[in-house]
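> no letters, just coordinates:
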C-alpha cells in the first residue's frame, strides 16, 4: 500500500511539472540569456551572446559547453519554444531526486525515513522553481551528486575499504562535466574530495593516490576546455578576474528554506546528543563544508542559487536520522518538513497552473509571425524573445546591458534594427526608453497585441500572483536600411 501511494505521488508530481512547464508563457531574463547562447552555438558553433553584442563582444566562456550542447540537441529535435528550453532543467531535476534517493539508501537510511526525506526533497520549493526554468543548475547538480553516489557506492562500502579505482575515475569524470556545465558546481563538488581520503591509515600513499585518481579526469577534461576557450591558465585567471562581482559573502537565505535549515540543525543536534562522534561521517563533513563554502563565496540574491547546496541539507538530515534510536523526535521533524515543503512548493506549482492560460505563447508567436517579415532585425524586451525566434528573426535586448544612449546608438547604426517590440511592462517601468528611440528614428506603429488572459478571481482570492501580460506594440523603423 505504501509503495502504491509513493508511486502515485511520484506520478502526480511529474505530471504537475510537465503539464505546467509552459507557464510562465514567456522567457525570463535568465532563460533568454541561456537561450541566446544556445542559439549561437546551434547556428555558428560559437558561444557568443548575440542578444546583446553591444555589451559582450567576445565568446561567453563563463559557462562550459555541456548544457548548451545538450539543449541544442533538444531544440533541433523538437523546435523552438519556451517548453523546449526548459526540458533539460525538469528532467535533470527528476533524475536528481532519484540520485538523492539512491544516496540515502546507500547510507543506510531505510524505511519511512528515506521515503519521507525524498518526498520532502521532491517537494522542495527551491528545487521546484529550479526545475521549472531553463537554466543549467539541476543538470550540474545531477553530475555532482552522481559523483557522490559513485564515491560511496550503491550499497555502501565495507568499513575500511578503499574506493575502487574505476569508481574514482567515474566520479572525477562526472565532476568535470558538472564544472563544464557551470563553474558554480566546483564549490559543491570540492568537498567530495573528503570521500576519497576516508578510512586511510596510510594517508600519504593511499589517500594521495586515490585523490589523484579522482582529480585526474577533472584536471584533464577541464584543461582541454581551458586551452580551447581561454588559451591557457593565464587567460583563464584574467577572464575570471573580471567576474569578481559574483563572489561575495552576503548570507542571503530565502524564507522558504527556513524549515529545511531548522530541521537540519535540529536533527543534527539530536544525533550529536544521542550518538556523539559517530554522526560525524565523511558525508556529514562534505555536506557541512559545502554549505559553508557556498555562503562564504557565492553572491546570493534571493535564495535561488542555494539550489547548489540544497541536496547537502537533505544528506545531513539523512546522516542524522539513519539510526533506529529516534524516539518521537525525528518523525515529528520530518513530518513538519514534508508539510512545509508541500505547502511552499505546491504554491509555486499552483501559481504556474493558474497562470498557464490557453496557448498563450503560441498565440503571441503567431501574432509576431504575421506582423513582422521572417528574418527581420528586432529589438524588444525579454518577454517576447521566444515569440521572435520561431521565424528566423534576429533579436536584441532593448533594456539590458550598457547605458541606454550607448545601446540605442549601436542598435541604430550597427545592428540597424527594423522593428521594435514594446511590451506593456516597459511602458510601465521605463516609459522614457521608447521616447529615446523615437527621438533618433522614425517609428511607425504597425500592430498591437492585447493579451486576453486574466488570472481567475478564484486564484486571486487565494493570493496567487499574476504573471506578466504578453501585451505588446510593434513599431516599424522607417529609416532602417533594407537588406
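Yes, it's here. Being a predicted model, the structure only gives us computed values, none of them experimental. Residues are numbered from 1 along each chain as shown.
> skipping adjacent residues, who's closest to residue 342 in space?
residue 123 (4.7 Å; Cβ to Cβ, 6 or more residues apart in numbering). The way it works is simple: take the backbone N, C-alpha and C, and place the C-beta from them, glycine included.
> and residue 315, how many neighbours does it have?
25 (other Cβ atoms under 10 Å).
> my guess is residue 256 contacts residue 303, does it?
Yes: under the criterion of Cβ atoms under 8 Å, residue 256 makes contact with residue 303 at 7.3 Å.
> where does pLDDT dip in the chain?
Within the chain, the stretches with pLDDT under 70 are 1-2, 5, 57-59, 154-160, 198-205, 243-250, 301, 324-327, 482-483.
> ranges for the strands of it?
377-380, 394-397, 419-423, 443-449, 472-477 (DSSP state E).
> okay, those in CSV with distance to residue 95 next?
Shown next, in CSV, are these (distance: least, Cβ to Cβ, whole Å):
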stretch, distance to residue 95
strand 377-380, 35
strand 394-397, 32
strand 419-423, 35
strand 443-449, 38
strand 472-477, 37
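> for residue 313, find the nearest of the ones you listed.
Smallest distance to residue 313 across the strands of the chain (Cβ to Cβ): 35.9 Å, for strand 394-397.
> OK, contacts around residue 120?
By Cβ atoms under 8 Å, 6 or more residues apart in numbering, residue 120 lies in contact with 260, 314, 334, 337-338, 341.
> would you show me how to pick out the buried ones of those residues in ChimeraX?
Buried residues within the contacts of residue 120, by 16 or more other Cβ atoms under 10 Å, are selected in ChimeraX with:
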select :260,314,334,337,338,341
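> and of the strands of the chain, who's closest to residue 267?
Nearest of the strands of the chain (Cβ to Cβ): strand 394-397, 45.8 Å.
> gap between that closest one and the chain center?
23 Å (Cα atoms, centre = their mean, to the nearest Å).
> which elements pack onto that strand?
The contact analysis (3 or more Cβ pairs under 8 Å, 6 or more residues apart in numbering; DSSP states H and E) places strand 394-397 against strand 377-380, helix 385-389.
> tell me which of the ones you listed sits most buried.
Mean neighbour count (mean count of other Cβ atoms under 10 Å) peaks for helix 385-389 among the helices and strands packed on strand 394-397, with a mean of 26.
> contacts for it?
26-27, 32, 35-36, 39, 51, 80-82, 85, 361, 364-365, 367-368, 372, 378, 380, 395, 421.
> out of those, which sit inside helices?
With DSSP state H as the criterion, helices contain 32, 35-36, 39, 361, 364-365, 367-368 from among the contacts of helix 385-389.
> now distance to residue 227 too, for those, in CSV please.
Formatted as CSV, those follow (distance: Cβ to Cβ, whole Å):
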residue, distance to residue 227
32, 30
35, 27
36, 25
39, 25
361, 40
364, 43
365, 41
367, 46
368, 41
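> measure residue 455 to residue 103 for me?
39 Å (Cβ to Cβ, to the nearest Å).
> rewinding a little: which one, of the helices and strands packed on strand 394-397, ends up nearest to residue 416?
strand 377-380 (6.5 Å).
> who are the packing partners of the closest one?
Against strand 377-380 (3+ Cβ pairs under 8 Å, 6+ apart) you get strand 394-397, strand 419-423.
> picking up where we left off before, out of the strands of the chain, the one nearest residue 429 is which?
Nearest to residue 429, of the strands of the chain and by Cβ to Cβ, is strand 419-423 at 9.6 Å.
> what packs against that closest one?
Using 3+ Cβ pairs under 8 Å, 6+ apart: strand 419-423 touches strand 377-380, helix 431-440, strand 472-477.
> highest average neighbour count across these?
strand 377-380 (a mean of 23).
> partner strands of that strand and their direction?
Strand pairing for strand 377-380, using DSSP bridges, gives strand 394-397 (parallel), strand 419-423 (parallel).
> just the contacts of residue 120 now: which is nearest residue 222?
residue 314 (27.9 Å).
> identify the residue nearest the closest one in space, chain neighbours excluded?
Residue 314's closest residue in space is residue 121 (Cβ to Cβ, 6+ apart), at 4.9 Å.
> how many residues are close by that neighbour?
Neighbour tally, residue 121, other Cβ under 10 Å: 25.
> verify the stated contact: it with residue 311.
Yes: using Cβ under 8 Å, residue 121 makes contact with residue 311 at a distance of 7.2 Å.
> okay, and the common contacts of these two?
Listed as contacting both residue 121 and residue 311 by Cβ under 8 Å, 6+ apart are residue 100.
> sorry, back to before: could the helices and strands packed on strand 377-380 go into JSON lines alongside mean neighbour count and distance to residue 98?
Shown next, in JSON lines, are these (neighbours: other Cβ atoms under 10 Å; distance: least, Cβ to Cβ, whole Å):
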{"stretch": "strand 394-397", "mean neighbour count": "21", "distance to residue 98": "37"}
{"stretch": "strand 419-423", "mean neighbour count": "24", "distance to residue 98": "39"}
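> adding distance to residue 473, write those strands out as JSON lines.
Below are the helices and strands packed on strand 377-380 laid out as JSON lines (distance: least, Cβ to Cβ, whole Å):
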{"stretch": "strand 394-397", "distance to residue 473": "16"}
{"stretch": "strand 419-423", "distance to residue 473": "5"}
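> ok, residue 169 touching residue 218?
No: applying Cβ under 8 Å as the test, residue 169 and residue 218 come out as separate, 10.3 Å apart.
> of those two, who's got more company?
Ranked by neighbour count (other Cβ under 10 Å), residue 169 and residue 218 place residue 218 first, with 22 against 15.
> which ones are touching the nearest residue to residue 383 once chain neighbours are set aside?
With Cβ to Cβ, 6+ apart as the criterion, residue 383 has its nearest non-adjacent residue at 4.3 Å, and that residue is residue 26. Residues in contact with residue 26 (Cβ under 8 Å, 6+ apart) are 82, 361, 364, 382-387, 467-468, 470.
> same check, this time on residue 423
Counted by Cβ under 8 Å, 6+ apart, residue 423 has contacts 380-381, 383-384, 468, 470-472.
> residue 65: neighbouring residues, count only.
Neighbours around residue 65, by other Cβ under 10 Å: 17.
> how close does it sit to residue 117?
For residue 65, the distance to residue 117 - Cβ to Cβ - is 34 Å.
> what does residue 31 give?
Taking Cβ to Cβ, one finds residue 31 at 31 Å from residue 117.
> more neighbours: those two, which one.
With neighbours defined as other Cβ under 10 Å, residue 31 and residue 117 compare such that residue 117 has more, 24 against 21.
> quick one: residues contacting the more buried one.
Per Cβ under 8 Å, 6+ apart, neighbours of residue 117: 104, 109, 314, 317-318, 321, 334.
> and the residues you listed as CSV, adding distance to residue 11?
Listed next are the contacts of residue 117 as CSV, based on distance: Cβ to Cβ, whole Å:
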residue, distance to residue 11
104, 21
109, 23
314, 22
317, 25
318, 24
321, 26
334, 22
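> now the two most distant members of those.
104 and 334 (12.1 Å).
> for residue 188, give me its contacts.
Residue 188 touches 140-141, 144, 178, 290, 294, 308-309, 312, counting by Cβ under 8 Å, 6+ apart.
> please redo it, this time with the cut-off set to 6 Å
144, 290, 308 (Cβ atoms under 6 Å, 6 or more residues apart in numbering).
> ok, so of those, who is nearest residue 267?
For the contacts of residue 188, the nearest to residue 267 is residue 290 (17.4 Å; Cβ to Cβ).
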